[in-house]
Each structure stands twice: as C-alpha cells, then as structure tokens.
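J.: only the shape, not the letters, is given here:
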Ligand code: NAI
Ligand code: MG
C-alpha cells in the first residue's frame with residue numbers, strides 16, 4: 001500500500017511524524033507493508049519551488065493508494081499573490097483527485113466530556129456524528145453566478161444545482177459509511193422550499209432501496225442545526241449538500257469542544273482518498289512540541305477504514321487513543337483538571353505504547 005504524505009506547514013510536520021509512527025506500528029502488528037513517500041504542499045512548497053502544488057506532488061499523490069495531509073498556511077505567506085497562496089495547494093489537490101465527498105466525524109471521547117459545553121445530561125447520551133458533505137457541486141459551483149446591476153441597483157447571485165449522478169454517488173457513499181457505523185442515515189435538505197432539495201430527496205430514497213439494512217430519515221437543515229445542539233445522540237451519519245454540509249460539519253465539530261481531536265476524509269471515485277485533521281497549521285504553537293497529534297492519528301485510522309477496508313486496524317488505533325486519554329494524558333488544547341500535560345511527541349509515544 002502506497003501512501004503519499006504531505007506534512008505541509010506550521011505544526012504539520014510535527015503531527016504527521018506521530019501519525020506515520022502509528023502507521024508503522026500498525027504495519028508491524030498486523031503484517032502490512034505501508035510504503036510511505038513524502039511530497040511538498042503549501043507554504044513550504046512555495047518556498048522551495050515557487051508554487052503551492054508542484055507537479056511532482058500531484059504525480060506522487062495520483063500514484064499513491066491514499067494521501068495524508070498535515071496542514072497548510074501561515075502568516076509568512078499571507079501577503080503573497082492570492083493565486084499562489086498555500087491554500088491553493090489544498091484546493092488544487094482536492095480538485096486533481098476529484099474528491100466529491102467530505103467525511104467529518106465529530107465524536108466526543110467520554111474522557112473529554114468536560115470540554116464539551118453542552119448541558120451534562122445531553123453530553124451523557126454521547127456524541128458520535130459523522131457529516132458526509134458533498135464537495136464539488138451545489139451553490140458553490142453552480143452557474144450562472146456573478147454580480148451586476150439591475151434596474152439601477154447592485155445584485156449578486158449564485159445557483160444551487162445538483163445533477164442526478166452527483167446526488168446518487170454521494171448518497172451511495174453515505175449509505176456505505178452508515179453501514180460501517182450504526183446503520184442510521186439522516187439526509188438533510190430544504191425540500192419545503194428548494195426545488196433542488198426535492199430532487200435530492202427523491203434520489204436519496206431511490207438509492208436507499210439498495211440499503212435495506214440502513215435506516216433512512218430526512219430532516220430540514222434549519223431543524224438539523226437545532227437538533228445537533230439539542231440532542232446530537234439522535235444522529236449517526238448525516239448526508240447533505242455542499243453549503244449545508246459546510247455549516248453543519250463546523251457546528252458538529254465545535255460541540256465536541258476540541259479541534260485538536262477531529263479527523264476527516266475526502267473521497268472520490270477511482271482516486272486515492274485524502275485524510276487530514278480538520279484544524280489548520282496552528283502557527284501560534286508550531287515548532288514548540290505543543291500540538292495535539294490525535295486528530296492526525298485518528299485520520300490514519302480513517303485512512304485504514306475507508307481506503308484499505310482495515311476495520312480492525314482502525315479500531316485498534318481508536319482504542320489506543322481512548323486508552324491514552326483514560327490515562328489522563330493531555331496536550332494543552334484538551335488540558336483539564338487532573339490531566340497530565342504532555343507534548344506532541346509524548347502523546348504520540350503513549351498512543352504507540354497502548355497500541356502494542
Ligand atoms: P488553526 O486550526 O490553525 O488554529 C486555531 C486554534 O486552534 C489555534 O489557537 C491553534 O493553536 C489551535 N490548534 C489547532 N490545531 C491544534 C492542535 N492539533 N493542537 C493544539 N492546538 C491546536 O486555525 P487558524 O489559526 O485560523 O489558521 C492558522 C493557519 O492555518 C492559517 O494560515 C489558515 O489558513 C490555515 N488553515 C489550514 C487548514 C488546512 O490546511 N486544512 C484549515 C484551517 C486553517
Ligand atoms: Mg467551513
């Protein structure tokens with residue numbers, strides 16, 4: 001299995017080093033060979049090659065079976081030409097790999113429930129949601145779009161359009177993901193107002209015929225936003241379009257209270273998936289051994305589960321992370337009363353010890 005790793009900027013190299021060590025230990029434990037190659041992306045790629053996404057990186061990613069990313073960006077590149085900013089590297093590689101689905105689990109480890117700001121009776125019921133967001137269609141890309149002047153006043157407009165094949169493939173992927181979890185899928189739309197949502201709902205229902213073991217429900221997006229904070233335990237997998245998914249995945253992430261804990265996956269068809277923590281390059285703590293490597297380590301688990309169908313290996317990592325938290329180890333971002341403050345390296349080492 002070939003894995004292309006792009007550590008990127010800021011804390012990227014620190015957290016990725018721990019993620020790769022975990023991967024190596026899993027390889028030894030389960031008898032797999034992971035062939036890891038490194039590639040440049042983001043600010044460091046700009047510094048070394050002049051562009052945020054060198055051709056060599058695109059090639060290395062396309063030749064791999066899965067791709068891992070740390071994070072990109074930082075204040076030193078904020079003033080350069082927007083056309084070659086670090087973020088362009090990330091957008092570029094997502095496009096090159098035609099990644100149309102973004103999977104964002106938001107799970108609260110019970111050991112960290114003090115960090116969650118929801119009422120304790122809600123937290124006690126548990127939070128383990130995964131938002132599956134369509135990534136390449138919808139209002140962010142629909143045509144026509146633009147700004148202009150109409151009857152003497154300024155207007156701006158975008159178009160929300162979804163085509164059958166786009167809805168069908170994201171629905172299929174979400175049903176498959178639900179199958180790997182608690183087998184409940186909630187499709188979120190605005191079918192009471194939007195025509196595009198009525199087509200969305202119709203096609204999701206058609207796809208559901210192939211997944212009789214998954215329980216399908218539908219919810220309007222405004223209600224879903226409320227229900228996520230009122231009682232997140234009612235959700236397992238949520239599937240939705242680009243705009244609604246952008247908002248709901250951030251909402252689901254923030255209710256867990258710890259950005260340093262959350263992994264993500266972006267998947268396409270016939271291309272390697274991209275796995276990355278949801279946080280950025282955290283320039284404020286970069287190079288100080290303070291970063292929480294767990295989001296990256298959990299992204300490795302997602303890669304094993306979704307790209308390589310290695311559920312046992314993925315679960316092994318997740319259990320090692322849970323055990324490490326149970327032992328009271330905390331990086332600064334998740335530090336709580338009674339916790340033991342550790343750095344990035346020490347946290348990674350503890351997970352590895354618990355893996356073995
Ligand atoms: P950020 O996620 O980098 O940091 C927000 C806050 O969370 C900071 O206080 C940071 O120290 C903390 N934090 C983030 N990850 C952490 C971790 N693993 N352990 C401990 N603490 C952690 O977001 P921010 O500050 O808005 O952006 C910083 C840079 O990262 C910018 O250049 C931005 O463009 C870039 N960025 C990159 C992303 C990516 O590569 N996917 C996503 C978001 C931002
Ligand atoms: Mg967002």
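T.: Looks like it came in fine. Predicted model only: the values in this text are computed from it and were never measured. Ligands and ions are numbered 1, 2, ... in the order given.

J.: show me which residues of the stretch 1-150 of the chain are close to ligand 1?
T.: Within the stretch 1-150 of the chain, the positions lying close to ligand 1 (Cβ under 6 Å from any ligand atom) are 11, 15, 71-74, 87, 90. Every C-beta, even on glycine, is put in place using the N, C-alpha and C of the backbone.

J.: could you redo the last one with a cut-off of 8 Å?
T.: 8-12, 15, 42, 69-75, 77-78, 86-87, 90 (Cβ under 8 Å from any ligand atom).

J.: tell me the contacts of the residue nearest to residue 124 when sequence neighbours are not counted?
T.: On the basis of Cβ to Cβ, 6 or more residues apart in numbering, the spatially nearest residue to residue 124 that is not a chain neighbour turns out to be residue 113, at 7.9 Å. Each residue near residue 113 by Cβ atoms under 8 Å, 6 or more residues apart in numbering is listed here: 120, 123-124.

J.: can you tell me how far residue 113 sits from ligand 2?
T.: According to Cβ to the ion, to the nearest Å, residue 113 and ligand 2 sit 25 Å apart.

J.: now name the helix or strand holding the closest residue to residue 311 other than its chain neighbours.
T.: Excluding its sequence neighbours, the residue lying closest to residue 311 (Cβ to Cβ, 6+ apart) is residue 305, at 5.8 Å. Using DSSP states H and E, residue 305 sits in helix 294-306.

J.: if I look at the residue nearest to residue 311, how far off is ligand 1?
T.: As judged by Cβ to the nearest ligand atom, to the nearest Å, residue 305 and ligand 1 stand 20 Å apart.

J.: count of residues packed around that residue?
T.: Residue 305 has 21 neighbours, counted by other Cβ atoms under 10 Å.

J.: so which elements touch whichever strand or helix holds residue 17?
T.: Residue 17 is part of helix 12-30 when elements are defined by DSSP H and E. Applying 3 or more Cβ pairs under 8 Å, 6 or more residues apart in numbering; DSSP states H and E, one finds that helix 12-30 contacts strand 2-8, strand 66-71, helix 294-306, helix 311-326, helix 344-355.

J.: pLDDT score for the residue lying closest to residue 216 once chain neighbours are set aside?
T.: Nearest residue to residue 216, sequence neighbours excluded (Cβ to Cβ, 6+ apart): residue 208, at 4.6 Å. Predicted confidence (pLDDT) for residue 208: 98.

J.: ok, residue 208 - contacts?
T.: Going by Cβ under 8 Å, 6+ apart, residue 208 touches 171, 175, 185, 214, 216.

J.: the last one - how many residues pack around it?
T.: Here the count is done by other Cβ under 10 Å, and residue 216 has 19 residues near it.

J.: next: the second one.
T.: Taking other Cβ under 10 Å as the neighbour definition, residue 175 ends up with a count of 22.

J.: so what touches the host helix or strand of it?
T.: Per DSSP H and E, residue 175 falls inside helix 164-179. Applying Cβ under 8 Å, 6+ apart, the contact partners of helix 164-179 are 100-101, 103, 130, 132, 134, 136-137, 184-185, 187, 199-200, 203-204, 206-208, 210-211, 213-214, 236-237, 239, 267, 269, 306.

J.: buried stuff in that helix?
T.: Neighbour counts over helix 164-179 (16 or more other Cβ atoms under 10 Å) mark 166-167, 169-178 as buried.

J.: cool, and stretch 273-288?
T.: Of all the residues in stretch 273-288, those buried under the rule 16+ other Cβ under 10 Å are 273-283, 285-286.

J.: filter the residues you listed down to just the ones in strands.
T.: Judged by DSSP state E, the buried residues of stretch 273-288 include 273-277 as members of strands.

J.: could you list which of the residues you listed also contact ligand 2?
T.: Among these, no residue is within reach of ligand 2 (Cβ under 5 Å from the ion).

J.: and ligand 1, which of those residues reach it?
T.: 276-277.

J.: go through the ones in strands among the buried residues of stretch 273-288 and name the one nearest residue 4.
T.: Nearest to residue 4 among these, counting by Cβ to Cβ, is residue 274 at 9.5 Å.

J.: just the pLDDT for the closest one.
T.: Looking at residue 274, the pLDDT reads 98.

J.: quick one: contacts for the closest residue to ligand 2 within the stretch 1-150 of the chain?
T.: Distances between the stretch 1-150 of the chain and ligand 2 by Cβ to the ion are smallest at residue 133, namely 9.3 Å. Contact analysis of residue 133 by Cβ under 8 Å, 6+ apart lists 101-102, 104, 240-242, 244-246, 248-249.

J.: now do the SS call for the residue nearest to residue 124.
T.: Assigned with DSSP: H, G, I helix; E, B strand; the rest coil, residue 113 falls in the helix class.

J.: next one, pLDDT for it please.
T.: Per-residue pLDDT puts residue 113 at 89.

J.: is the residue nearest the centre of the chain in a bridge, and if so with what?
T.: Nearest to the geometric centre of the chain sits residue 264, at 1.9 Å (Cα atoms, centre = their mean). Judged by DSSP bridges, the bridge partners of residue 264 are residue 276.
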